[in-house]
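K.L.:
Need the 3D shape of this:
(3 chains)
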Amino acid sequence: MSLADYFEEEGVEAEEVEEELEEVLEESIYEAESPRNTDVCYVLSVTYSGKAGKALVKLYDPSKGCIYFWYDNTGHKPYCLTNVPIDAVKRNPRIVTHEGFDHVEEVVKYDPLADSEVVMTKVVAKDPLSIGGRPRKSIRDLLPAAWEAHIKYHNCFIYDTGIVPGMPYRVVDGSLQPVELSLEGMEEVKKIFEDEPPEVKEALNEWLPLLLSPAPSIRRAAMDIEVYSPIPDRVPDPREAEYKVLCIAFSATDGLRKVLMLRREGVEEGTEWPEGVEVEFFEDEKRMLAEAFKIMTSYPVLLTFNGDGFDLRYLWHRAKRLGFRKGEVPIALTKDSAMLAAGVHVDLYRFFHNRSVQVYAFGNKYREVTLDAIAEALIGHAKIQLSKPMSELSYAELAAYCFRDADLTLRLTTFQGDLLMKLLLLFMRLSKLPLEDVSRLGISGWIKNMLYFEHRRRGYLIPRPEDIVGVKGQATTRAKIKGKKYLGAIVLEPKPGVHFNVLVLDFTSLYPSIVKTRNLSYEVINCPHEECKSNVIPGTSHWVCLKRRGLTSLIIGLLRDIRAYWFKPRSKDKALPEELRDWYGVVDRSLKVILNASYGVMGADNFPLYCPPVAESTTAVGRYIITRTIEKARELGMEVIYGDTDSIFVRQPSEEQVKELVDWSERELKVDLDVDKRYRYVALPSLKKNYVGVMEDGSVDIKGMMGKKRNTPAFIKAAFVEMMRLLSEVRSPEGFEEAKKAVRDVVQSCYYKLKNRQYSLDDLAFRVMLSKPVSSYEKTTPPHVKAAKLLLNRGREVKAGDIIAYVKTRDSLGVKPVQLARIDEIDFDGYLSHIRTAFEQVLEALDVNFDEVLGVRRLEWFLTPGKA
DNA sequence: GCGGACTGCTTACCT
DNA sequence: ACAGGTAAGCAGTCCGCG
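P.N.:
Here you go, the predicted model:
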């Protein structure tokens, strides 16, 4: 169960720590009010209160900006299911004498794998830990087989009550009631789905309010702390909390801008105080922490950047060292999270770390998960650069530095009309996860919880992972890549060269469309019915049920349609009021995140509803669809020059051709084919997944090219950018000849500057991410790891996730970290091959020879490595 | 003993 | 811990070469 899973760190027994959390929650001087009646409030969080022995819902009241506690009064209790008959369970002494045992009852469930009703025994416990909190002694371990026994209690409570996190509720006479709102657009959307079967309409009625209900503005504070460190550049261990907390900064939506500062001997006042920020000095560290706890607790939401891993963890251990008593520290630490007693702690580092959030919600705008990189990419503000160690800063400098971090953290949630908060709220509603969980879990955690909720809503037994794979089997296709489980998408061989007037057609949400139209869902694929076996998925040996609609097909299909028919078009509709359009844009983005990942999780073996036949059927149909579409396009006389997974690039098609193809694919394949982009021209090298496309307005799409990769040295990137600028100005085939000349100049100048040693170390640095600790590279030692080792030898800290900047050197090792290298050690010739690859990718498309550009003589040409 | 062909590892990208 | 497909650079290995 949840609490036991959480508290395994810190060398403390699970029960012991749980107790600690209880005391924080129950005896804390900061405990929130539990009123009999409230105004409209939003559910921020649902947890289990050990002391109360029941679920605790944290409600946010936007009119007062405060948190209320609502304790479950419906008598809901933790449980799991078993197929052992009820009488047999009653006769099992180890169960019925278990100290947490409450009672047993019979329940009827629908077993989706067997497609039949099944009678199960529900074993109910007094507390969540009794179900699964104590290894080998829990009820789920005492039963020969248990279902739904690994669901955290607070989630189970959410499924059974139907409470949707992020939605408006009201406490009326002590009971929690959903608020019915009249929502703009509701009836209009329903009309679109008029002809759908009843199960789709029912699901629509449940989902629509989640997407149309307004988002409250949430009062919140961001916090950042600075800690003394005897060794500059080394972060103190939060578990030790050995050193003084120097200052604690807050920046909040209600205007609070404050730094708590510890007075120390020999520290200069300084002059450059941060503007509009109140600095309060403390002689005593303990009193400073107490004041910080007071501020933290006065906000319903506390934001940090890496508070789970550092700030809150450090404060908790430091408070213990300073002699705070239990109940005086409003923080509860778990294995890898830090929770708050009254409010909700959101660690933005965790949220931004979510790959789906990074790629789909924020369009891959930030490439590194650091406060500096994210703030720079999303809001155009950077951290303050320190020129000396933390311990040598004046009070003013320290206050400015610390406050900037807190303020950036806040602003990451306020930019674009609170975009991030709205996304969090929508993800809560879609996934049915509390704010703490949704901001920390990955996309598979979201989708798992979303689908579990739907199972429980319909009385479906949630299957055990091994049962799905056991009944439905493994994948039958062979992947192109060694080590992968099944065959994926098709990438067409590009036709190299420069092509004018290119149209890109793509299938909107191809995989979700396939999941919908082909009824792809774990329980209905390879179903037991003889008459369905002819309903084969092309390219596989799988078939799909014709009698029953699969649950995941229904949900994913519905979300796809809601997005495609309502939110996506309306998010671009200039006729709508700006505020509404923006909201539609946020909903569109959040749906996109869920939809894009919905196919992938089915093929992820750690996903609890993992079903290889479903995943490989999805890609198989995808291959079938793009292949047939290309054939049809060619039949219609169109020239397809490239395509990848769900897109085709067509050269100079007529409007009639396009219309005919679009109508055909809708009619024959039941997928929406849309014009995605119109390129003035596209430059295609012979490489797949690489191209440069210039739009009508001169904006440029660069895909795959080495010149845009993060690890490419800056001097190449800069020349590449210049080259792209020149190409974006080309309007016609005739204009190209001139551009080619200019492009040649760029390449030549880059080459000669290198030859003449005109680039700095930073220009020449490769910046490669260390994906794991240095010691874990066992098979090979790549250059960035060699460089990292040199840093380690010099006492520098190097950990997973760090970017290692290194240059090529002439010594025997061949590389050096930038920090340790001198310009006269550089192996300038070693860079030539990189220049070549980067520019040849573009030059090839322009039909320009790299070596001729460099003016290399014939003899040398023969001797150039890699040019055979 | 050395170099080319090859495989495998690693990172970063595309859809 | 969403998936598979593609590219690039380098490390390491094998094999043939008097």
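K.L.:
For DNA strand B, see how far away the nearest residue to residue A:716 once chain neighbours are set aside is.
P.N.:
Once flanking residues are discounted, residue A:716 sits nearest to residue A:838: 5.0 Å by C-beta to C-beta, 6 or more residues apart in numbering. Every residue, glycine included, has its C-beta placed from N, CA and C. Using C-beta to the nearest atom of the strand, to the nearest Å, one gets 13 Å for the distance from residue A:838 to DNA strand B.
K.L.:
Show the contacting residues for residue A:838.
P.N.:
By C-beta atoms under 8 Å, 6 or more residues apart in numbering, the residues touching residue A:838 are A:705, A:706, A:707, A:712, A:716, A:720.
K.L.:
go again using 7 Å as the cut-off
P.N.:
With contact set as C-beta atoms under 7 Å, 6 or more residues apart in numbering, residue A:838 has these partners: A:706, A:707, A:712, A:716, A:720.
K.L.:
Mind jotting down where the helices sit in the stretch 701-850 of chain A?
P.N.:
A:714-728, A:735-755, A:761-764, A:783-793, A:832-846, A:850-854 (DSSP state H, counting those that start in this stretch).
K.L.:
Just put the ones you listed in TSV and tack on mean pLDDT and distance to DNA strand C.
P.N.:
Output for the helices of the stretch 701-850 of chain A, formatted as TSV (pLDDT from 0 to 100; distance: least, C-beta to the nearest atom of the strand, whole Å):
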stretch	mean pLDDT	distance to DNA strand C
helix A:714-728	93	10
helix A:735-755	89	15
helix A:761-764	94	12
helix A:783-793	94	5
helix A:832-846	91	4
helix A:850-854	85	12
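K.L.:
Dump the ones you listed into TSV; add distance to residue A:134 as well.
P.N.:
Supplementary listing: the helices of the stretch 701-850 of chain A in TSV, determined by distance: least, C-beta to C-beta, whole Å:
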stretch	distance to residue A:134
helix A:714-728	56
helix A:735-755	65
helix A:761-764	55
helix A:783-793	41
helix A:832-846	57
helix A:850-854	67
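K.L.:
With respect to residue A:94, which of those lies nearest?
P.N.:
helix A:783-793 (52.1 Å; C-beta to C-beta).
K.L.:
Would you mind pulling up the elements that the closest one packs against?
P.N.:
strand A:803-808, strand A:815-817 (3 or more C-beta pairs under 7 Å, 6 or more residues apart in numbering; DSSP states H and E).
K.L.:
Quick one: the ones you listed as a markdown table, columns for distance to DNA strand B too.
P.N.:
Conversion of these to a markdown table gives the following (distance: least, C-beta to the nearest atom of the strand, whole Å):
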| stretch | distance to DNA strand B |
| --- | --- |
| strand A:803-808 | 7 |
| strand A:815-817 | 13 |
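K.L.:
Closest residue of the stretch 451-600 of chain A to DNA strand C?
P.N.:
Nearest residue of the stretch 451-600 of chain A to DNA strand C, counting by C-beta to the nearest atom of the strand: residue A:600, 1.6 Å away.
K.L.:
Can you tell me the element that residue falls in?
P.N.:
Assigned by DSSP states H and E, residue A:600 falls within helix A:578-602.
K.L.:
and residue A:143, which of the helices of the stretch 701-850 of chain A is closest to it?
P.N.:
Closest of these to residue A:143 is helix A:783-793, at 48.0 Å (criterion: C-beta to C-beta).
K.L.:
which of the residues in the closest one are buried?
P.N.:
By neighbour count on 16 or more other C-beta atoms under 10 Å, the buried set for helix A:783-793 is A:783, A:784, A:785, A:786, A:787, A:788, A:789, A:790, A:791.
K.L.:
Isn't the first one up against residue A:815?
P.N.:
This means residue A:783. Yes. Using C-beta atoms under 7 Å, residue A:783 is in contact with residue A:815, at 4.5 Å.
K.L.:
quick one on the thing from earlier: what is the helix holding residue A:600 packed up against?
P.N.:
Applying 3+ C-beta pairs under 7 Å, 6+ apart, we find helix A:578-602 packed against helix A:355-356, helix A:395-431, helix A:443-457, helix A:510-517, helix A:551-562, helix A:568-570, helix A:612-635.
K.L.:
run the last query once more with 10 Å
P.N.:
Counting by 3 or more C-beta pairs under 10 Å, 6 or more residues apart in numbering; DSSP states H and E, the packing neighbours recorded for helix A:578-602 are helix A:198-212, helix A:355-356, helix A:395-431, helix A:443-457, helix A:510-517, helix A:551-562, helix A:568-570, helix A:612-635.
K.L.:
would JSON lines of those helices with distance to residue A:772, mean pLDDT and mean neighbour count be doable?
P.N.:
Shown next, in JSON lines, are the helices and strands packed on helix A:578-602 (distance: least, C-beta to C-beta, whole Å; pLDDT from 0 to 100; neighbours: other C-beta atoms under 10 Å):
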{"stretch": "helix A:198-212", "distance to residue A:772": "39", "mean pLDDT": "96", "mean neighbour count": "16"}
{"stretch": "helix A:355-356", "distance to residue A:772": "17", "mean pLDDT": "94", "mean neighbour count": "16"}
{"stretch": "helix A:395-431", "distance to residue A:772": "27", "mean pLDDT": "97", "mean neighbour count": "22"}
{"stretch": "helix A:443-457", "distance to residue A:772": "21", "mean pLDDT": "97", "mean neighbour count": "21"}
{"stretch": "helix A:510-517", "distance to residue A:772": "30", "mean pLDDT": "97", "mean neighbour count": "25"}
{"stretch": "helix A:551-562", "distance to residue A:772": "33", "mean pLDDT": "97", "mean neighbour count": "24"}
{"stretch": "helix A:568-570", "distance to residue A:772": "39", "mean pLDDT": "93", "mean neighbour count": "16"}
{"stretch": "helix A:612-635", "distance to residue A:772": "27", "mean pLDDT": "97", "mean neighbour count": "21"}
